[in-house]
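Chemist: sequence plus the predicted model coming up.
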Amino acid sequence: MNSQRAAIGAALLASAFAAPAACLTDAEAAALFDSYASRTPATLPPMTSEADAACSRTKLNALLLLQNGKVVGYKAGLTNPAVQKRFGADKPVWGVLYDGMILDDGATVEAAFGARPLFEADMLVRVKSADINRAKTPMDVLESIDQIIPFIELPDLVVAPSQALNGNGISAINVGARLGVAGKPIAVPAFRGERFAMIDALRDMTVVVIDTNGAELSRGKGSDILEHPLNAVVWLAEALARQGLAMEPGQVISLGSFSPLTPPKPGQKVTVRYDGLPGATPVSVTFR
C-alpha cells in the first residue's frame, strides 16, 4: 500500500503548485473533511471542470488517508445512465475506498450514518492480478479477479441538500465513499467455458432490492452498468492510469449502482438479490 500512499501524496503536492482556481483551498478541503467526519452537511464551491474536481478529490483523499491509514480499493461511480442523469453527468467518476469502510453481511448501521446517507445495490470484485490495469474487455477483467462479491453500498453525498451536485462535484467528494456491506464471495470459475457463462450471467442478471417486509423497492439489470458491470473496471483502469495510480492485488473495486440512490429509514432492513447469477446469495443491512 505504500505505493498508493506515495502516489496520493505526490498528487497532493502537485496540486499545491498547479491547482486550478476552483480547486478547493487547503482550508476548504479541511472544512469538507470536518463535515464528513462529523456527519454534518458541507458547502462545496462549484466544481467547474474535471481538473477542479480531481484536484479537490486529491486534497480530501489525503486527509481521509491520514484518518484511515490504508487504501483497500476503489469505486467507480455514475456508471449507470439513470444515475448520471440525476446528476447531469455524461461519464463515470471514481473514488477511493479506505480501511474500515466495508462491513460484513447483516451489519446494523445507524440510519444517519452520514451527512446525507443513502443506500444502493452494488457489487464488488477482488483483484487477483495487476494485469487488471491493462484490461480492455469484461473477460480481461474476469481473468484478473478471484472473487465477485454482493454489495450494498452506503454512500454519503456530504453536501447540503440545498446545493445541487453535478458529476464534478460527485468526484470532488470522493464519490461519497463512506460505508458498504459485503456479502458472501463468489469464486471466479477456473475453466474458460464457465467464465464465458459467468460473463453472460453478470450482464443478464436481475438485481432486486427488497425491504423489511419483502416488498420490492427497485430492480435493475447487470447491463445497466456500462452495458456490462465489468466494463466499470475497464473504465476505472484507464482513469486511474491518468492519475498515476493502479489497482493492486487484494484490493476490492465497487462497480456502481444497479438501483436508485435511496435514503435509509430507522428500523428498515434492506436486502439485495442477484437473480440469475449462479452462486450469488442475498446481502442485507439493517438501519437503526
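Modeler: Sure, I can see it. Numbering: from 1, shown residues only.
Chemist: all contacts plus neighbour counts: C-alpha atoms, from now on.
Modeler: OK.
Chemist: can you tell me the centre-most residue of this structure?
Modeler: In the chain, the residue lying closest to the centroid (CA atoms, centre = their mean) is residue 75, at 3.1 Å.
Chemist: ok but that one is inside a strand, no?
Modeler: Yes - per DSSP: H, G, I helix; E, B strand; the rest coil, residue 75 lies within a strand segment.
Chemist: that one against residue 247, yeah?
Modeler: No - counting by CA atoms under 8 Å, residue 75 sits too far from residue 247 to count as a contact (10.8 Å).
Chemist: picking that back up, distance of the nearest residue to the residue nearest to the centre of the chain once chain neighbours are set aside from residue 49?
Modeler: Setting aside the residues directly before and after it, residue 75 is nearest to residue 254 in space (CA to CA, 6 or more residues apart in numbering), at 4.3 Å. Distance, residue 254 to residue 49, by CA to CA, to the nearest Å: 24 Å.
Chemist: between those two, which one's more packed in?
Modeler: The residue with more neighbours, out of residue 254 and residue 49, is residue 254; 27 against 14, by other CA atoms under 10 Å.
Chemist: so that one sits against residue 72, correct?
Modeler: No - applying CA under 8 Å, one finds residue 254 not in contact with residue 72, separated by 10.9 Å.
Chemist: what about residue 202, how many neighbours?
Modeler: By the criterion of other CA under 10 Å, residue 202 has 22 neighbours.
Chemist: I'd guessed it sits against residue 220; true?
Modeler: No - shown here, residue 202 and residue 220 do not form a contact pair, counting by CA under 8 Å, at 11.9 Å.
Chemist: now the longest helix seen in the chain: buried residues?
Modeler: Looking across the chain with DSSP state H, the single longest helix is helix 50-68. By neighbour count on 16 or more other CA atoms under 10 Å, the buried set for helix 50-68 is 50-65.
Chemist: ok, now stretch 165-175?
Modeler: For stretch 165-175, by 16+ other CA under 10 Å, it's 165-175.
Chemist: how far away is the residue nearest to residue 75 from residue 141?
Modeler: For residue 254 relative to residue 141 (CA to CA), the value is 13 Å.
Chemist: follow-up on the earlier one: what separation do you get for the residue nearest to residue 75 and residue 135?
Modeler: Relative to residue 135, and taking CA to CA, residue 254 is found at 16 Å.
Chemist: please, which helix or strand holds the residue lying farthest from the centre of the chain?
Modeler: Relative to the mean C-alpha coordinate of the chain, counting by CA atoms, centre = their mean, the farthest residue is residue 193 (29.6 Å). According to DSSP states H and E, residue 193 maps onto helix 192-204.
Chemist: check which helices and strands the next helix or strand after that helix sits against.
Modeler: Moving toward the C-terminus from helix 192-204, the next helix or strand (DSSP H and E) is strand 206-210. Here strand 206-210 is seen to pack against strand 216-221, strand 269-275 when contacts are counted using 3 or more CA pairs under 8 Å, 6 or more residues apart in numbering; DSSP states H and E.
Chemist: do you know which of the ones you listed lies nearest residue 29?
Modeler: Comparing those by their distance to residue 29 (CA to CA), the top pick is strand 269-275, with 33.1 Å.
Chemist: who are the packing partners of the closest one?
Modeler: Taking 3+ CA pairs under 8 Å, 6+ apart as the contact cut, strand 269-275 packs with strand 145-154, strand 206-210, strand 283-287.
Chemist: roughly how far is the longest one from the heart of the chain?
Modeler: The gap between the average C-alpha position of strand 145-154 and the chain average comes to 11 Å, counting by CA atoms, centre = their mean, to the nearest Å.
Chemist: in its sheet, what does it sit against?
Modeler: Its sheet considered, strand 145-154 pairs with strand 120-127 (antiparallel), strand 179-182 (antiparallel), strand 186-187 (antiparallel) by DSSP bridges.
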